[in-house]
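In: The sequence and its predicted three-dimensional model are supplied below.
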There are 2 protein chains.
Amino acid sequence: MGVPRAERRRRTEARILDAARVLFAELGYERATIRGVARRAEVDPALVMQYFGSKQELFQQAVRMTPPADGELDAEGAVEHVLGSLTMKLGELPQGSLAMMRSMLTHPEAAASARQVLSRQIDRLAEAMPGDDARLRAALMTLTMLGITVGHQLLEIDELRGVPQEELARLLRPSLRALTGQEVS
Amino acid sequence: MGVPRAERRRRTEARILDAARVLFAELGYERATIRGVARRAEVDPALVMQYFGSKQELFQQAVRMTPPADGELDAEGAVEHVLGSLTMKLGELPQGSLAMMRSMLTHPEAAASARQVLSRQIDRLAEAMPGDDARLRAALMTLTMLGITVGHQLLEIDELRGVPQEELARLLRPSLRALTGQEVS
DNA sequence: GTCTATATTATGATAGAC
DNA sequence: GTCTATCATAATATAGAC
């Protein structure tokens, strides 16, 4: 084979990480096992340990994400921005995010990671919103989307099955707008 | 001691269930252990098994809840109803609910239970709302509140720490109203 | 470099002494 | 009826053969 060993290794590592993301996303941290990841990646379980050292480390690598490059937003843009996260423009919500969300309620490290991601999102939205309680309202917007995403992607609530993203966005838009604006008494 | 044995047993059982609710709520199904529950309830671990038979059964008993008695609601009442669930009128959100929510993403049975509770809530709200897509909008309202509750009670997002319930309700009300009404183009 | 075999640990569950 | 002792299982992690 003309494939250099470094390249082979890189590919194997990527296959393990993909498998890990799928299993962590489906089962959560506790129920996903090194053995299961290895089976899915078609490698030996010991190899997973060899490459990543521990289950903890494997999880961290699997859910690591590049934070979205930020630019300035106005209040209108903020709404569209969070609506856009409903489903990534093309393809699915990154598998790593699902893995993190699946575990965020039961695995302390995933919880910390989730808080960090949410916090960044809240910061970003708050900058685009007027008023003293901008951070609080930005938090509510962010958690609204978290709830929808959890219900849709993780709990797979019947009512949202197969509903096109555009329809969800259309229904949610006025609701999110109400959170950006100044008080509506 | 003048306490009849049946009464003693009943009290012990209640103490075990309380301990179980706390641990399941804090740690989730997987990380909570029979031994931990027993320690907190100050009984022998074997006694827990004696009473409940299995961890699974203990969990079911711990999260069992009496569904709220339902009466007719209008659209206005629906909003206030979901806002009321932010924090139960007095006292906290029932510990059993927290236990169920904590585990709903990683424990299949908790997930099923959560879907059922959410579905009931969605039904109830949908009846009070006009329009063809009432169920979908009711689902979005319900998931909005789920997101807020998860962020507040389970992830303990900084931005919501110590914010009085009334303020959350005030900020969320217009947003939820937007979901009840017919389309706002 | 890859895998076999195993150490270690923690759990849910059970059997039986008292 | 309550608890001691233990079984059985399954996991992460490691050591060492090949």
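Out: Arrived safely, thanks for sending. Numbering: from 1, shown residues only, chains lettered A, B, ... in the order given.

In: Now the phi/psi pair for A:V117, please.
Out: For A:V117, the backbone dihedrals (degrees, to the nearest 10) come out as phi -60, psi -50.

In: And for it, nearest residue in space, chain neighbours not counted?
Out: A:M100 (7.4 Å; Cβ to Cβ, 6 or more residues apart in numbering or on different chains). All C-beta atoms are positioned from the backbone trio N, CA, C, and that covers glycine.

In: heading toward the C-terminus, what's the first helix or strand past the lengthiest helix in chain A?
Out: Using DSSP state H, we find that the single longest helix of chain A is helix A:5-31. Downstream of helix A:5-31, the next assigned helix or strand under DSSP states H and E is helix A:34-41.

In: tell me the angle the longest helix of chain A makes with helix B:5-31.
Out: Here helix A:5-31 runs at an angle of 170 degrees relative to helix B:5-31 (axes from the mean of the first three to the mean of the last three Cα atoms, to 10 degrees).

In: now the helices for chain A?
Out: So, for chain A - with DSSP H - the helices run A:5-31, A:34-41, A:45-52, A:55-63, A:75-84, A:95-103, A:108-127, A:134-149, A:165-180.

In: Now tabulate these in TSV and tack on distance to DNA strand D, mean pLDDT and mean neighbour count.
Out: Compiled in TSV, the helices of chain A are given as follows (distance: least, Cβ to the nearest atom of the strand, whole Å; pLDDT from 0 to 100; neighbours: other Cβ atoms under 10 Å in any protein chain shown):
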stretch	distance to DNA strand D	mean pLDDT	mean neighbour count
helix A:5-31	8	95	17
helix A:34-41	4	98	18
helix A:45-52	4	97	16
helix A:55-63	4	97	19
helix A:75-84	35	94	18
helix A:95-103	13	96	23
helix A:108-127	12	96	18
helix A:134-149	26	98	24
helix A:165-180	35	96	19
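
In: who wins for proximity to B:R40 among those?
Out: Among the helices of chain A, helix A:108-127 comes nearest to B:R40, with 19.2 Å by Cβ to Cβ.

In: Between helix A:165-180 and the closest one, find me the angle.
Out: Helix A:108-127 and helix A:165-180 meet at an angle of 70 degrees, taking the same axes, to 10 degrees as the criterion.

In: ok now helix A:108-127, how far from the chain's centre?
Out: Mean-position distance between helix A:108-127 and its chain equals 11 Å (Cα atoms, centre = their mean, to the nearest Å).

In: list the helices and strands it packs on?
Out: Packing contacts for helix A:108-127, counted by 3 or more Cβ pairs under 8 Å, 6 or more residues apart in numbering or on different chains; DSSP states H and E, involve helix A:55-63, helix A:75-84, helix A:95-103, helix A:134-149.

In: Please tabulate those helices in JSON lines, including the columns distance to B:M49.
Out: As requested, those are exported to JSON lines (distance: least, Cβ to Cβ, whole Å):
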{"stretch": "helix A:55-63", "distance to B:M49": "29"}
{"stretch": "helix A:75-84", "distance to B:M49": "47"}
{"stretch": "helix A:95-103", "distance to B:M49": "28"}
{"stretch": "helix A:134-149", "distance to B:M49": "37"}
